[in-house]
Each structure stands twice: as C-alpha cells, then as structure tokens.
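Colleague: give me a model of this one.
(4 chains)
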Number of protein chains: 2
Amino acid sequence: MASRAGKRLLTRQDWIDAALHALATGDVHAIAVDRLAKTLGATRGSFYWHFADRDALVTAALEHWERESTTALIPALDAIAQPVERLRVLFREVYEQPADAVEIALASAGDQPLVEPVFARVTKARLDVVRRIFLDLGLQDADADDRAWLVYALYIGHHQLARAAGIKALQPAQLDRLVELLTSPGARSAPPAAEPDAAAPGEGST
Amino acid sequence: MASRAGKRLLTRQDWIDAALHALATGDVHAIAVDRLAKTLGATRGSFYWHFADRDALVTAALEHWERESTTALIPALDAIAQPVERLRVLFREVYEQPADAVEIALASAGDQPLVEPVFARVTKARLDVVRRIFLDLGLQDADADDRAWLVYALYIGHHQLARAAGIKALQPAQLDRLVELLTSPGARSAPPAAEPDAAAPGEGST
DNA sequence: GACTCTCCATACAGTTGTGTACGGAAGGCC
DNA sequence: GGCCTTCCGTACACAACTGTATGGAGAGTC
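Modeller: Predicted structure coming up:
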C-alpha cells in the first residue's frame, strides 16, 4: 500500500484486523483505540481519520467477521449434495478446529447493542444451513428444527467447553460416533409435536 | 442486620449480591466498585472496609456462585438412584430454566485469571455428575466420557443459543425426545475405541 | 462521659480510556 | 514552486474507574 518516509501507512483494514485480534485474545472491551494504536505503532490521530469513533470500528470488525466466518462459507457447503456428507464436512471443518476465540468472545457479549444484531444474523444463517441438512434427510419441519438446534448448540457448547476443560478438539472417531448418533432415526419417530401448553417455566426451584 | 440512624448497614454479602447482579446484566467489567456503590446507595468508603480491593469482591462473588449453582446441588442429584430419572431431573431443572446470565457472562471470561480456576472447577464437577449417570447406565468409561461431554456441551450451547435466537426454554416434549436420543444405544455400539493413532485417548479429562 | 470499635463519607491522586482541535509533513498536480 | 489533499502526531478536555488517607458519627462499654 501507500507509504510515506519509508513507513507504511495504515489502512482501515489494518485497524479492523487489530480489533479482531484484540477481540480474540480478550473481550469486546479489549477493542480500545488506545491499545490498538500502541500495537500498531501509531497514535489515535490515525484512527480517527479512518473511523468516526470506536463504535464504527467495532461495527466494521463484526461485519468483517460475519462475512469471513459465515456468509462466505455457506455456498461451498450448500454445493455438497449428499446431506450426511454435508454434515460430516461441516463437523470436520468446524468441530476439529480449535475454538474460534472471536466467536467465544462474542457469544457472551450477545446483549450489547453493537453485537446483538450481528450475532443474531450469524446464528440464524448457521441454523438454516443445518436445518436444510436434516430436511434433505427427510425429516419433518419440527424435527429438523429440533435437530438443527441440537447440532448448533453442541457446536457452541463444544467450543466453550474446550476452553474451560482444556480439550483441544474432537477426535475423528468421536466425530463419526456423533454424526451417527445425530443422523440415527432415534427420536425422529416422535409425533409431530402437538406442543403441550405446559412449559410454564415460571417457578424457579433453587 | 445492624443499622445506624435508621439506615441499614451494608454487609459483605450485600456487595457480593450486587456484584452478581451486575455480572448477570453485563459482563465481568460491569463489576465496578463505583457503580455498585451507587446502586447500593453508599460510597466506595464502605466497600473498601468490607473488601481489600476489587479482586477480592470478584473472587468472593465467584465462589458464592460456585456454591449456589453447583456444589450445593450435587448431593440431591446423586441421591436419585435411577440414572435415567436422574438425567431427566437434571434436564428439567436445568434446561427448562431461562439461561443463567451469570453463567453466560463467565463462559466467555474463562481466560481471565480470576475466573478461570472457578469455571474449570465448576465444569469438572458438572461433567462428573453427568458422567456418573452414563456409567450407571452401563456405558464404558470412554463412552460415558463422550456422552457426558455431549450433554454438557449441549447445556452450555443451549443457553447461549437461547439468548441469541430468542428461544426461551425447551418444551417438555423436546426434553423427552432429547433424553430418549441421549440414552438410546445409538453410538454406544461403536467398538470400544481402538482409537486411530492420531488420537491421544486420555483427552485430558482432568 | 470519656473511650473504643465499627462502619462509612469525603477528598485526593493516579490510571486508562474517548473524542476533538489543530498543526504539519509527504507527495501528487499544475 | 506554490497549493491542495492525504494521513498522522500532539495537545487538550473530559469521563469512568481504582485505591488511599483521613475524619467522623453511632452504638456499645466501663
């Protein structure tokens, strides 16, 4: 890119990358203009030329993450015709990776105004992908919803658990057993959910 | 408790409760002495009499949460002899509740020095409870480990997902299908793990 | 009624962060 | 070779937060 006096000039993307790196090694609060400037060897004067304020940087970083981690990956997955194979590829690409630190950082910041809409979009898009897998397997709508929810909850939980318990990644044999369990007829035979009116989670026992 | 000039005096527990409430509605950074003092109608002078510093409050709050949310609940669960019923009770108590906001806040702060040891202890204790259920069901060690991991990852993921996707709680019918799926022979029939060499079988369960 | 202990308010110092104002250097344009 | 645009450093005002020092009011004690 452009340079001046031998020194490379910073781009908007440089700040975004630095923000995502800070997010990965910390939390949303770690995206601090002060600290980013220090790591980039610049001052806040540079930052406020590229961005209106800190919120603009956070927003741009989240949108970048949304594209890289979700939007851009879906077409390649959908191109796989066999649903079981699609699930297997998904698991292999996604469960075997070490936990995505950005994702973990965002998961708990889901109530912050800047994070919430992005995270909701990503969640919905990913759930849709998995749901289509089970629909292609012949499951009913409600069953596919349940199963997709299960798979994705598992995905999120695994990454969190991996960090807390020090488990690095799923073993291939575990993956195979997992796919087998999830694609088994199993609970699929349940009646198409004439949901009982119950589900009054009001009482909080301990 | 004690009072002075009609005004109730604050206790150590008052500050801990306020800290946990702040944690539940925000993140770890939300535990700020300044703000807590404001919500309690006191000043930091009071706080620094009860606690050495902010870290002491955070530590005390985390230990309180550990007892209330895990340590104190295990004996009652273990008292249930039938493993399937134990799993069902666990799910009913735990999955039907709205997401524990403290837990979600802590999950992503798992790398912070103050949070990490507590969260690791809680994770291990809960995994042990579930693992015992599957051992009592007759599963081999490795299978019980896998299944426990699956159940607990599901638990964590469900709560996160519920917040992101706006799902409130599992319906009873979904719960039943879930228990059925998880206790089904399913992947249990997999050969007793002649793990491919790539697999370090221990997977660091401690 | 002086004395002490408990609990808290006030005041101050220091740190870290945001955002703005302004100036200035480097390089392209003519 | 003046001029303008791009990019960034410096300086300042301000807010939120931590931690410390100190004093003092209330209540119990003798």
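Colleague: A:Gly138 in helix, strand or coil?
Modeller: coil (DSSP: H, G, I helix; E, B strand; the rest coil).
Colleague: from A:Arg147, how far off is it?
Modeller: From A:Gly138 over to A:Arg147 the distance is 12 Å, taken as Cβ to Cβ, to the nearest Å. For glycine as for every other residue, the C-beta is placed from the backbone atoms N, C-alpha and C.
Colleague: repeat that for A:Ala162.
Modeller: Plainly put, A:Ala162 is 22 Å away from A:Arg147 if you go by Cβ to Cβ.
Colleague: strands of chain A, start to end?
Modeller: All strands of chain A, identified by DSSP state E, fall at A:3-4, A:7-8.
Colleague: which of A:Ala162 and A:Arg147 has more residues huddled nearby?
Modeller: A:Arg147 (24 against 20; other Cβ atoms under 10 Å in any protein chain shown).
Colleague: do stretch A:141-148 and chain B meet?
Modeller: Yes: under the criterion of Cβ under 8 Å from any Cβ of the partner chain, chain B is reached by stretch A:141-148 at A:Asp146.
Colleague: can you find the helix or strand of chain A with the lowest average pLDDT?
Modeller: Counting by mean pLDDT, DSSP states H and E, the weakest-scoring helix or strand in chain A turns out to be strand A:3-4, with a mean of 68.
Colleague: per-residue pLDDT of the residue nearest to A:Ala42 when sequence neighbours are not counted, please?
Modeller: What sits nearest to A:Ala42 in space, not counting adjacent residues and going by Cβ to Cβ, 6 or more residues apart in numbering or on different chains, is A:Leu10, at 5.8 Å. Here, the pLDDT recorded for A:Leu10 equals 95.
Colleague: next one: A:Gly41
Modeller: A:Gly41 is assigned 95 on the pLDDT scale.
Colleague: same deal with A:Ala107?
Modeller: 81.
Colleague: that one and chain B: what is the separation?
Modeller: Note on A:Ala107: its distance to chain B, by Cβ to the nearest Cβ, to the nearest Å, is 5 Å.
Colleague: for chain A, what spans make up the helices?
Modeller: For chain A, the helices defined by DSSP state H occupy A:12-25, A:33-40, A:44-50, A:54-66, A:74-78, A:83-94, A:101-107, A:116-136, A:141-165, A:172-183.
Colleague: possible to save those helices as TSV with distance to DNA strand D?
Modeller: Shown next, in TSV, are the helices of chain A (distance: least, Cβ to the nearest atom of the strand, whole Å):
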stretch	distance to DNA strand D
helix A:12-25	8
helix A:33-40	7
helix A:44-50	2
helix A:54-66	13
helix A:74-78	33
helix A:83-94	36
helix A:101-107	20
helix A:116-136	20
helix A:141-165	25
helix A:172-183	42
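Colleague: worst average pLDDT in those helices?
Modeller: Among the helices of chain A, helix A:172-183 scores lowest, at a mean of 78.
Colleague: ok, A:Leu77 - contacts?
Modeller: By Cβ atoms under 8 Å, 6 or more residues apart in numbering or on different chains, the contact list for A:Leu77 reads A:86, A:89-90, A:129.
Colleague: also A:Arg163?
Modeller: Listed by Cβ under 8 Å, 6+ apart, the contact set of A:Arg163 reads A:99, A:104, B:110-111.
Colleague: at 7 Å instead, please
Modeller: The neighbours of A:Arg163, taking Cβ atoms under 7 Å, 6 or more residues apart in numbering or on different chains as the test, are A:99, A:104, B:110.
Colleague: now swap in A:Arg12 and tell me
Modeller: A:Arg12 sits next to A:His50 when contact means Cβ under 7 Å, 6+ apart.
Colleague: what distance do you get for it to B:Pro98?
Modeller: Per Cβ to Cβ, A:Arg12 is found 40 Å from B:Pro98.
Colleague: and for A:Asp14?
Modeller: 41 Å.
Colleague: and A:Asp111, by the same measure?
Modeller: In terms of Cβ to Cβ, A:Asp111 sits 13 Å off from B:Pro98.
Colleague: can you check A:Pro172 too?
Modeller: Look at A:Pro172 and B:Pro98: by Cβ to Cβ, they are 36 Å apart.
Colleague: list the contacts of the residue nearest to A:Val130 when sequence neighbours are not counted.
Modeller: Spatially, and ignoring its direct neighbours in sequence, A:Val130 is nearest to A:Ala148 (4.1 Å; Cβ to Cβ, 6+ apart). By Cβ under 7 Å, 6+ apart, the contact list for A:Ala148 reads A:127, A:130-131, A:134.
Colleague: one more: A:Asp34?
Modeller: Per Cβ under 7 Å, 6+ apart, neighbours of A:Asp34: A:Arg44.
Colleague: separation between it and DNA strand C?
Modeller: 4 Å (Cβ to the nearest atom of the strand, to the nearest Å).
Colleague: check A:Leu77 too.
Modeller: For A:Leu77, the distance to DNA strand C (Cβ to the nearest atom of the strand) stands at 36 Å.
Colleague: quick check: the gap between the residue most central in space within chain A and B:Ala76.
Modeller: Nearest residue to the geometric centre of chain A (Cα atoms, centre = their mean): A:Glu103, 4.8 Å. Using Cβ to Cβ, A:Glu103 is found at 35 Å from B:Ala76.
Colleague: flag every buried residue along stretch A:38-46.
Modeller: When burial is assessed from 16 or more other Cβ atoms under 10 Å in any protein chain shown, stretch A:38-46 yields the following buried residues: A:42, A:46.
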